[in-house]
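Colleague: Give me coordinates for this.
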Amino acid sequence: MTALVYRGPASVPGCPEAVASLLAEPRWGLDVRFVGPQEDLPLTEQTLAGAELYAQPGGGTLRRGWRRMRRHRRAVRSYVHGGGRYLGFCLGAYLAGESPGFGLLPGDTDQYVDGDDAVLETEDDALVDVDWRGHRHTVFAQDPATFVLDERADAGVEILARYPDGPPAALVALHGHGRVGVVGPHPEATPDWFTDAGLPVRDARELARDLVDRTLERGRP
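Modeller: From the prediction side, this is the model:
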């Protein structure tokens, strides 16, 4: 099975590589390949058709990222609707939303830091606590996304994590015949992300593994 990881102008160095390293772990048996304008594989409907999963890593701002990715909206939506798996971290989670984005979620995304009761007030590198399946974890964050779900979305959505004040921090949702797994902060972050930012190291990669597990599952969340 092949997993495709976007690497290009809608990402920043280190983000695609961290996602690729995670997906290359033996537990899933995935052949991990990069796709993008400077990679051997372009991001096209034909490339996506042969993949078990497509991952959109973190990057810069949503406005800049969407400017680079909007040409791929039809290909990504068609892939997921037909049964593909979309995995989005931070900017990749924002891009799963609707305004702007690929339109893969039963609702939209928003900046967590803009919330009235948000425990995080900076868009810079920081640590944020999340309640992941009933357990508190500290995760690397950089202007993380949250998710604003439609009122009737409960049947096709599993919320894996929430921020301390309640908004969703990670979830898995259906889109057509496919599944979408998204997380606002960065549980895939490697130790150098923390040290480079002058933050205490917190290993939350087990949460990223849980997100991948749930995204690859068949059936309803």
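Colleague: The residue nearest in space to the middle of the chain: which element?
Modeller: Closest residue to the average C-alpha location of the chain: residue 88 at 1.8 Å, with CA atoms, centre = their mean. Residue 88 belongs to strand 85-89 when assigned by DSSP states H and E.
Colleague: Can you give me the neighbour number for the nearest residue to residue 53 once chain neighbours are set aside?
Modeller: Counting by CB to CB, 6 or more residues apart in numbering, the nearest residue to residue 53 once its immediate chain neighbours are dropped is residue 85, at 4.1 Å. All C-beta atoms are positioned from the backbone trio N, CA, C, and that covers glycine. Each residue near residue 85 was counted by other CB atoms under 10 Å, and the total is 22.
Colleague: And residue 123, by the same measure?
Modeller: For residue 123, using other CB under 10 Å, the count is 15.
Colleague: and what of residue 50?
Modeller: 11.
Colleague: Thought residue 1 was touching it, still the case?
Modeller: No. Counting by CB atoms under 8 Å, residue 50 does not reach residue 1; the two are 9.6 Å apart.
Colleague: What about residue 199, how many residues nearby?
Modeller: By other CB under 10 Å, 16 other residues sit near residue 199.
Colleague: where does it land in three-state SS?
Modeller: coil (DSSP: H, G, I helix; E, B strand; the rest coil).
Colleague: Off-centre distance for the biggest helix by length in the chain?
Modeller: Secondary structure of the chain per DSSP state H: the longest helix is helix 205-216. Centroid separation for helix 205-216 versus its chain: 11 Å, with CA atoms, centre = their mean, to the nearest Å.
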